[in-house]
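Novice: what would the 3D arrangement of this be:
(chains A and B)
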Amino acid sequence: MISEEEVGHIAKLARLELTDKEIEKMQKDLSIILNYFNLLQKASGKKSAGLHKTVQSRGLNGLRKDEVIPQKKETAQKIIAASPNKKDDYIKVKSIL
Amino acid sequence: MELTNLTIKPAHEGLKNKEFTSVDLTKAYLEKIRKSDLNSFISVTENLALAQAIRADARIALSEVEGHDFPELCGIPCSIKDAILVEGEKCTAGSKILENYIAPYDATVIKKLKEQGAVILGKTNTDEFTMGSSTENSAFGVTKNPHDKTRVAGGSSGGSAACVAANEACFSLGSDTGGSIRQPASFCGVVGLCPTYGAVSRYGLIAHASSLDQIGPFTKNVEDARIVFDAISGRDSLDATSVEPEIRNSKFEIRNLRIGVPKEYFSKGVDPEVEKIIRNVIKKAKDAGAEIVEISLPSSEYALACYFVIDPSEISANLARFDGIKYGLSEPAENLLDVYLKSRGRGFGSEAKRRIMLGTYCLSSGYYDAYYKKAQEVRELIRQEFAEAFKKVDLLFCPVSPFPAFKIGEKADDPMAMYLADIYTIPMKLAGLPGLSLPAGKTNEGLPVGLQIIGNHFEENKILDIAQELEKVL
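Specialist: Take a look at the predicted model:
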C-alpha cells in the first residue's frame, strides 16, 4: 500500500490540495491500480520507436515554421476575458518571487 | 411525419423539396430536448440554433434561385460534446472548474460544420474532461440510457450517444480517447465512429490525452456517419497530427474480404448474450461470402494497464493548464502556490484528481522507467501485433464492450471496475486505428449491443462500406 506521505508528496507535485478523506481514498485506489500495472512487467516489450511512429504520421513533417500567426484582436480579447483576474489587456498573476 | 426521426439524407431532401424548413426541424428538436429527462445536454444553445436555422433556410432558398445544390448538412440540427469549443457558448468539459467558461473561438470541426450550415442545438454531457465510461464523473449529473433509464448511457460521450438515440439531435460529435465514442454508441444503439488518429483535427477539443484523443460522429445510421466524417476530416494547420486523407474510390464488399476475429476478445468476462449477438453477426458476414479467420492478438492482455499508464501521464501534463489563472474557477489565496492548490483542489472532481495523481506518480523520478517507458514499449508491441494482423485480414470484428449498459451507480465507486469497461476499445486506440460501433442486436432485456469493426489506418471507407452492407441484414 502506498503511504500517506507518498500521496502527499505526489499531490504537492501535482498542485492538488486534497482533504484527509481524499488522501485516504487515494491511497487505496492508487495502490489497487499500481498493483494492476505490475502486469506490464510480464510483457516483453519492443523498443519504443517514439511517438512519431505511434501516431502513424505517414511521413508527414508535423513541425511548422517558428513564426507568429496573426490572430484577430477579438480572439485575444476573448481569451483575456476568460481569465478570472485581469487588468486592461493583461492577466493578473500573483508575484512569484 | 415525425421530423426528429429523420436521418440526414431524408432531412436534406425534405429541406430541398420545401416539405419543411430548418427552423421547423430545429424547433422540433428543441421541443424534444425540453421534454427529455435523460440529461443528455449540459447546455442548450437555443439562440444560436434558431439563428443558424434562419440562415440555413435563407441559404437553401438562395440555392434554389441560383440553381445549385446546398451542402448536405445545411439546416441539419446536431449536438456537440461539451469538450469541443463553440465560439461564444459555454464549454465545461463536464467540470466544475470550467462551469462558466465561454469558448473564445470555434474548434476546427465546428468551423467546418458551420461552413456547411449545420445547426448546433447544444452541448452534450460528458464525464469530467472526458475521463470515464458512464458520464457519472460529470459535474452536471449522469445521462440516462434511453433504453432503460436506470442504466448509464456509457461514456465519456454519453450525452451525444443518448441524444441521438432519443432523437434529440440528428447527429452528434463526440470524442474518443479510450472508447468514449464506441462504448456509449454501443450502449445506446447508435452508430459511433472513432476515426484514425490524425484523420480529424483536434484543434478546439479540450485535451485529455493528446496521443490518443480523436473526434468522431454519432449517427442513426452508417450513411450519416460517412457524411459527417467526410465533413469534418482532413488536414488542419492548427493540429500538427492531422493529415489529408488519400482519395480512394474503391468500393468494398463483404464477399471479397477476410475478416479477422481476435480470440482474446471472446475470452473470460464477456457476457454470454453479447457473445451470442456478435457471433451471429460474424455468421451473417460469413453467409455473405466473407472469409472468417480466427486470429490472436496476445498482447491485448497488457493493453488496459498500458493505457492507464500513458493516459493519466498525458492527463497530468495536459490538465496543468487549469491553474486558476488563465481560465475557470479561481480560489482566492495568499500566494501563487495556494491559488494553484486550492483552485485545482476544489475545481477537479475525483476521477480527474485520481488520474492526475496516477500520471504524476508514473512520471515522477524513480518510477518513470518502470511505468511510462515500459508502457511505451508495450504500446509499440501492441501496434506491431495489429500491423501483423492487417497483413492477413482486411478488418477485425469483435464486441465493443464485454457487457451491455450497466446500472447507474454499479461501478461508480470502483475505479478499476470502471476502467475494465473499456477493455475492448483500448487496444486498437493505442495503435491509432479507426473503429466503428454498429448496432448488432439487443439482449433479452432490450439493451443494445454494438459490433466493433476495426480497420487499418485511414481505412474508414472500408469500415463504412462493410458496416453499411451489414446494417441491411441485421
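Novice: which helix is the longest one in chain A?
Specialist: Longest helix in chain A by number of residues (criterion: DSSP state H): helix A:20-37.
Novice: burial count for A:K21?
Specialist: 8 (other CB atoms under 10 Å in any protein chain shown). No exception for glycine: its C-beta is placed from N, CA and C like everyone else's.
Novice: what sits against it?
Specialist: Listed by CB atoms under 8 Å, 6 or more residues apart in numbering or on different chains, the contact set of A:K21 is empty.
Novice: quick one: it from B:F348, how far?
Specialist: Distance, A:K21 to B:F348, using CB to CB, to the nearest Å: 15 Å.
Novice: hmm, back to that, only the buried residues of the longest helix of chain A, if you could.
Specialist: A:22, A:25-27, A:29-30, A:33-34, A:37 (16 or more other CB atoms under 10 Å in any protein chain shown).
Novice: please apply the same query to stretch B:352-365.
Specialist: Buried, per 16+ other CB under 10 Å, within stretch B:352-365: B:352-364.
Novice: now render the residues you listed as TSV, adding distance to chain A, pLDDT and secondary structure.
Specialist: Output for those, formatted as TSV (distance: CB to the nearest CB, whole Å; pLDDT from 0 to 100; DSSP: H, G, I helix; E, B strand; the rest coil):
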residue	distance to chain A	pLDDT	secondary structure
B:A352	9	98	helix
B:K353	6	98	helix
B:R354	6	98	helix
B:R355	10	98	helix
B:I356	5	98	helix
B:M357	6	98	helix
B:L358	6	97	helix
B:G359	8	98	helix
B:T360	4	97	helix
B:Y361	5	97	helix
B:C362	8	96	helix
B:L363	9	95	helix
B:S364	6	93	coil
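Novice: so what's the residue count around the closest residue to chain A within the stretch 151-300 of chain B?
Specialist: Residue nearest to chain A within the stretch 151-300 of chain B (CB to the nearest CB): B:A240, separated by 3.8 Å. By other CB under 10 Å, the residues close to B:A240 number 18.
Novice: does it really touch A:R64, like I thought?
Specialist: Yes - at 6.9 Å, B:A240 counts as touching A:R64 under the criterion of CB atoms under 8 Å.
Novice: next one: the longest helix of chain A to chain centre, how far?
Specialist: Distance of helix A:20-37 from its chain centroid, counting by CA atoms, centre = their mean, to the nearest Å, is 19 Å.
Novice: could you dump that helix to CSV, C-alpha only?
Specialist: Presented in CSV, the C-alpha positions along helix A:20-37 are these (Å, rounded to 0.1, in the frame of the first residue of the first chain):
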residue,chain,number,x,y,z
ASP,A,20,-7.7,13.9,4.6
LYS,A,21,-10.6,11.8,3.3
GLU,A,22,-9.4,12.2,-0.2
ILE,A,23,-5.9,11.2,0.8
GLU,A,24,-7.2,8.1,2.4
LYS,A,25,-9.3,7.1,-0.6
MET,A,26,-6.4,8.0,-2.9
GLN,A,27,-4.1,5.6,-1.0
LYS,A,28,-6.5,2.8,-1.5
ASP,A,29,-7.3,3.5,-5.2
LEU,A,30,-3.8,4.2,-6.3
SER,A,31,-2.5,1.0,-4.6
ILE,A,32,-5.0,-1.2,-6.4
ILE,A,33,-4.3,0.5,-9.8
LEU,A,34,-0.5,0.5,-9.4
ASN,A,35,-0.7,-3.1,-8.4
TYR,A,36,-2.5,-3.9,-11.6
PHE,A,37,0.3,-2.2,-13.6
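Novice: sweet, I'm off.
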